[in-house]
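Asks: no sequence for this one, just the structure:
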């Protein structure tokens with residue numbers, strides 16, 4: 001009898017499935033590069049929404065962008081399906097939970113991208129502020145919102161630790177060539193930059209909870225824009241933007257330079 005794990009392993013080994021998974025990895029990279037570029041625009045006063053929604057909307061606005069957006073959508077869908085296969089074949093319970101969580105995130109991004117490709121408009125910061133306001137209106141909502149902010153901060157710390165200690169390199173499976181050095185360097189810079197961005201996001205969410213002000217909990221876009229208002233914030237924003245671009249480039253290079261995990 002064929003077990004689900006064996007069936008998933010066979011599907012994982014299919015060349016077409018692996019190619020589509022790599023397209024999905026590259027799609028994550030493209031999104032982060034766009035977010036970084038928009039963040040640079042914010043630092044120079046040009047405006048824009050420096051989050052996943054803003055990146056997807058910016059993609060539609062350029063010639064040929066809609067085609068690229070649909071390629072990103074296909075990549076995200078297959079990457080979420082790839083994570084399901086990874087969850088089925090994973091041996092440790094913790095790893096299974098991690099892969100399922102990744103699947104949910106990628107599927108949610110694919111849903112947002114499909115909505116934008118179909119002509120819908122979305123503002124992630126406004127949605128996050130609205131959600132924060134609803135939480136604050138609930139009994140005990142202040143503590144729940146603060147807990148969410150602290151969780152985001154914790155994730156940011158993990159990103160920084162992974163970048164500084166090079167822990168993320170354990171899963172890369174890079175062949176020993178020139179791409180290995182390029183990929184790991186981009187990853188180290190990118191992980192630290194994204195970690196700092198997440199800590200800022202989480203810190204503002206906690207601040208919004210403590211002050212009962214949902215406008216302070218505006219997500220990545222609101223957090224990056226808030227940096228412009230503080231001393232030396234523009235310099236920090238530029239450094240974070242460059243780091244996010246490096247993180248996106250890391251995913252793009254990783255998509256085609258690293259070996260995918262064998263079951």
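Replies: Ah, there it is. All figures in this text were calculated on a predicted structure; none of them were measured in a lab.
Asks: What is whatever helix or strand residue 237 lives in packed up against?
Replies: With the criterion set as DSSP states H and E, the secondary-structure element containing residue 237 is helix 233-257. Packed against helix 233-257 by the contact rule (3 or more CB pairs under 8 Å, 6 or more residues apart in numbering; DSSP states H and E) you find helix 15-43, helix 178-210, helix 219-227. The C-beta positions use only the backbone N, C-alpha and C, and glycine is treated the same way.
Asks: Show the subsequent helix or strand relative to the lowest-mean-pLDDT helix or strand in the chain.
Replies: For the chain, using mean pLDDT, DSSP states H and E, the weakest element among its helices and strands is helix 124-137, scoring a mean of 61. On the C-terminal side of helix 124-137, the nearest following helix or strand under DSSP H and E is helix 141-165.
Asks: tell me the angle of that following helix relative to helix 233-257?
Replies: If you take axes from the mean of the first three to the mean of the last three CA atoms, to 10 degrees, helix 141-165 sits at 60 degrees to helix 233-257.
Asks: For helix 141-165, give the mean pLDDT please.
Replies: In this model, helix 141-165 has a mean pLDDT of 85.
Asks: buried residues in that helix?
Replies: Residues of helix 141-165 classed as buried by neighbour count (16 or more other CB atoms under 10 Å): 141-142, 145-146, 148-149, 152-153, 156, 159-160, 162-163.
Asks: Which strand or helix spans residue 78?
Replies: helix 65-89.
Asks: Tell me the helices and strands packed up against that helix.
Replies: Other elements packing on helix 65-89 under the criterion 3+ CB pairs under 8 Å, 6+ apart are helix 4-12, helix 15-43, helix 52-61, helix 93-117.
Asks: relative orientation of it and helix 233-257 in degrees?
Replies: On the basis of the same axes, to 10 degrees, helix 65-89 is oriented at 70 degrees to helix 233-257.
Asks: So residue 74 sits against residue 23, correct?
Replies: Yes - with contact defined as CB atoms under 8 Å, residue 74 counts as touching residue 23 (6.8 Å).
Asks: Compare neighbour counts for these two and give me the winner.
Replies: residue 23 (19 against 16; other CB atoms under 10 Å).
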